[in-house]
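Asks: no sequence on this one, just coordinates:
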């Protein structure tokens, strides 16, 4: 179901939902939630998408937090589709998020969509280091590192899904938010970042590993 | 015309009326005389009826329909006139350019002061801008380009003086949403230019009054002389057709003989994949190296144009093709049409046959090639239908509401509108004549607010009321809306390129996802090896001599029409079959001796053990889509009853299910209410429904088209329509788009309407026959491809196996 692996000193578990669990640190890592995405699109005069993706994403996060009993949550950027979207969350969604945050050590790492603190609580950081790993939104040359941003996706016969990209030096997280698109993992930007023996871990009902390249 | 005889400008035939023709300006009459051309009676009739508000001309191919449509315009435009007079709309871009060239000859020859231009997606930006400020007298365009033109603020000025609108190939447009959209636009034009006269030009159709209503409320029908009956037969071969499969490979030697005996032969196939395989095999057998080309919608434009030019130049002897050659343009001196595979639909067959011999008053020549034993029966039934002039066609329901949503959005782009006025205007369009105000209001609400139960967008409505009129909240949105106009849905495809980057064509994304490096498939008649997927491009290299895997294109799989199915069932009831080839007659007799032949007002079920499994064969004759749906629904019911079904396969006439337990009591399985319930509940999550939803969501403007540029640049741009569908079902099950999706699927891919029709027709008359082994009629089903495994875990297992294999091969396990 899950995909356990090690990165540097850390024993990590990729979950089928697209979250990453670090049991030793009691930490749950998610990236690219894009909360408020449909609201932002509507605000900018675009299509009026079903306004339910924020609650779908929060439901998934709620389930993962309960299943892992994590006390620390790390959101690796683009948590909100923009800072206004964070302000415009519906009352229900805001309460739900507040309830999830209550009593937990919650860190928002900033992304390119949400470059700045949203008025929602938790701590806000450009990037953080923890247990020998670096955590930031966009991958750099400083490894070992866990990042997000690219929304990688991959395919196997009968399935196309968001995926983790994992090699000996880094992890690139799948987008956790509902109804977010993806970038094929053979895109040059991603191919250049990852080592030749990198794995793509497809999310879905269960984690499925395949070689990222080829 | 000239040395290139043209379909719709043919004047060939005996002079029927002496010149001068009534009402034609004398320079034109003179020019016709110097060319030695005469007019057909229906062309003169069109001149007589020039003042009719709406006229539908039905004439066979080669009858000079298009000129008949234009004659009144040429007559009126011989007097100096300013602005746009006539709008001509064709389903094919290529046709507009062709018509422009052909129309200019008589106009320039007669020295008439008429400006004629075309406007399509290929027209340059400067030209399009100029056409808006200074429109020509006659503008030739497509429904999509017209939609765009009408969405501009200056549309009222452009169309203010419009006198006539001519819709070519209206029978083809009327079968799709393009036609529904077009009729909404015509209603708009009528508002902009009251008194506008309409002309529809159509090939032979089964129900002219229905098409007339589609065109407009006061339409008069003008029927041209249909010409002589076609010369149509079944191709007799020494070798009988195989028991199953398609493609007609067995008939290749006989087909090559026919090609040699004719000038130009069109060889029609029902799917692109079959056309490819056939073309490949044809070339292997083409010892005389006859010049033969291939033409279908998945080939690159350059490749198609090369074939088209070669045909016109007369340098090809045959073209293997699909529906891409069904319409319009004249491809030279075609004197034989061969239809490989059962025609599925009599009307389309008749229209295809018309492609041969574009000389009015000469019979078209056509051959039917059944691809398998069952299709021999179907071809025979089709021949009888053609001879009886019994065309088929399932009437289309009322105008689809996703198209209306798009129309409302496009109307808002052009400027503020009053809801009541727009509603009245929309109901002037034939397909929307019965639209209710609440249905209209629901569409308007969807466009304006998203129509969600959760009123999330009150601040960000797409349309809002200002000074009593609906208007775009953010005028900048208009550009994006315009980019997404149109009802043609492109299936997500990937380009196929060789290493040197030359483009071979496109394949469906879903098919590409099943390929692993080293796999071979056919495209453009070549065998290529799949090397990898790079940035949305399928990289291949040539692999001549390797056996190809089948290329799966998005070629539409038509279901056999209700009428044709009924004819087959009737044919079964004959005491013997002297008109059928001996091998097929013998096969039917064997079925009658061992079991029964299916009957029109009963449902035959056969139950028998075979190869260690129990089988149930359902002879529903409901067409491929409905038989497929029946397979899904019945296996679900069997699973609930513990009959452990393992899989099924469906064809146009039967569904074969296999499993661990025999069916002994059939009636509960075929309870209509239970089946209906199954469709409403679990079938709603089916891939077929998701595909229908995607189309509806694109047309209604919920999601945007993934244009190539944006896909290239990357991320987060497109949404998974599957996820949106699941979200709506979960949080907003009564949403308008789910409603429309359901309605569409029931008529289209799910085709539950035909299951309803079947079960209502047969009532309690279900015959379940238990037999010791497989029967003659069921045997071919065992050889059918496209088996559906029904254990839900199959997908996961497949993916897991593939993942394990890939890891092992890469040394990563």
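Replies: Right, received. Where do you want to start? All values reported here derive from a predicted model rather than from experimental measurement.
Asks: OK, contacts around the closest residue to residue B:485 other than its chain neighbours?
Replies: The shortest distance from residue B:485 to any residue that is not its chain neighbour, by Cβ to Cβ, 6 or more residues apart in numbering or on different chains, is 4.6 Å, and that residue is residue B:147. Yep, even glycine has a C-beta here, placed from its N, CA and C like the rest. Contact criterion Cβ atoms under 8 Å, 6 or more residues apart in numbering or on different chains gives B:181, B:185, B:410, B:485, B:486 as the residues in contact with residue B:147.
Asks: Quick one: mean pLDDT for whichever strand or helix holds residue B:147?
Replies: Residue B:147 belongs to helix B:143-150 when elements are defined using DSSP states H and E. The predicted model assigns helix B:143-150 a mean pLDDT of 95.
Asks: Run the chain-centre distance for it.
Replies: Centroid displacement of helix B:143-150 relative to its chain, using Cα atoms, centre = their mean, to the nearest Å, is 21 Å.
Asks: What's the mean pLDDT across the following helix or strand past that helix?
Replies: Downstream of helix B:143-150, the first helix or strand assigned by DSSP H and E is helix B:155-159. Looking at helix B:155-159 alone, the average pLDDT works out to 95.
Asks: what comes into contact with helix B:155-159?
Replies: Helix B:155-159 has contacts (Cβ under 8 Å, 6+ apart) with B:84, B:87, B:132, B:135, B:149, B:150, B:152, B:188, B:189, B:192, B:193, B:414.
Asks: Quick check, the fourth one in contact with residue B:85.
Replies: No: taking Cβ atoms under 8 Å as the contact criterion, residue B:135 and residue B:85 are not neighbours in contact, 9.2 Å apart.
Asks: Comparing these two, which residue is more hemmed in?
Replies: Counting neighbours by other Cβ atoms under 10 Å in any protein chain shown for residue B:135 and for residue B:85 shows that residue B:135 has the greater number, 23 against 20.
Asks: quick one: pLDDT of the more buried one?
Replies: 95.
Asks: show me what contacts the residue minimising distance to the centre of chain A?
Replies: Centre of chain A computed as the mean C-alpha position; nearest residue by Cα atoms, centre = their mean is residue A:31, 1.7 Å away. Residue A:31 makes contact with A:75, A:76, A:77, A:78, A:137, A:147, A:148, A:149, A:173, A:174, A:175, A:176 under the criterion Cβ under 8 Å, 6+ apart.
Asks: Next, work out how far apart the second one and chain B are.
Replies: In this structure, residue A:76 and chain B are 15 Å apart, going by Cβ to the nearest Cβ, to the nearest Å.
Asks: Correct me if wrong: that residue contacts residue A:146.
Replies: Yes: using Cβ under 8 Å as the test, residue A:76 is close enough to residue A:146 to be in contact (7.1 Å).
Asks: Show me the common contact partners of the two, please.
Replies: Shared contacts of residue A:76 and residue A:146, counting by Cβ under 8 Å, 6+ apart, come down to A:29, A:135, A:173.
Asks: ok, so of those residues, who is nearest chain B?
Replies: Lowest distance from chain B to the shared contacts of residue A:76 and residue A:146 (Cβ to the nearest Cβ) belongs to residue A:173, with 13.4 Å.
Asks: Could you check how many residues crowd around residue 187?
Replies: You didn't say which chain, so I picked chain A. Burial measure for residue A:187: 20 neighbouring residues, criterion other Cβ under 10 Å.
Asks: hmm, I had chain B in mind actually
Replies: By other Cβ under 10 Å, the residues close to residue B:187 number 20.
Asks: Touching, residue B:212 and residue B:56? I think so.
Replies: Yes: with contact defined as Cβ under 8 Å, residue B:212 counts as touching residue B:56 (4.9 Å).
Asks: Overlap of the contact sets of those two?
Replies: Each of B:200, B:219, B:220, B:221 lies in contact with both residue B:212 and residue B:56 under the rule Cβ under 8 Å, 6+ apart.
Asks: List the contacts of the second one.
Replies: What that stands for is residue B:219. The neighbourhood of residue B:219, defined by Cβ under 8 Å, 6+ apart, consists of B:54, B:55, B:56, B:198, B:200, B:212, B:213.
Asks: what about residue B:207, distance to residue B:166?
Replies: Residue B:207 sits at a distance of 22 Å from residue B:166 (criterion: Cβ to Cβ, to the nearest Å).
Asks: list the contacts for the residue of the stretch 551-700 of chain B found nearest chain A?
Replies: Across the stretch 551-700 of chain B, the shortest distance to chain A (Cβ to the nearest Cβ) belongs to residue B:697, at 9.1 Å. Residues in contact with residue B:697 (Cβ under 8 Å, 6+ apart) are B:703, B:721, B:724, B:725, B:737.
Asks: next one: residue A:133
Replies: For residue A:133, the contacting residues are A:7, A:8, A:9, A:10, A:144, A:145, A:146, taking Cβ under 8 Å, 6+ apart as the criterion.
Asks: Residue B:450 now?
Replies: Taking Cβ under 8 Å, 6+ apart as the criterion, residue B:450 is in contact with A:42, A:48, A:49, A:50, A:51, B:456, B:457, B:462.
Asks: same thing but at 6 Å, please
Replies: Residues touching residue B:450, when contacts are defined by Cβ atoms under 6 Å, 6 or more residues apart in numbering or on different chains, comprise A:48, B:457.
Asks: Having no further points to raise, I will conclude here.
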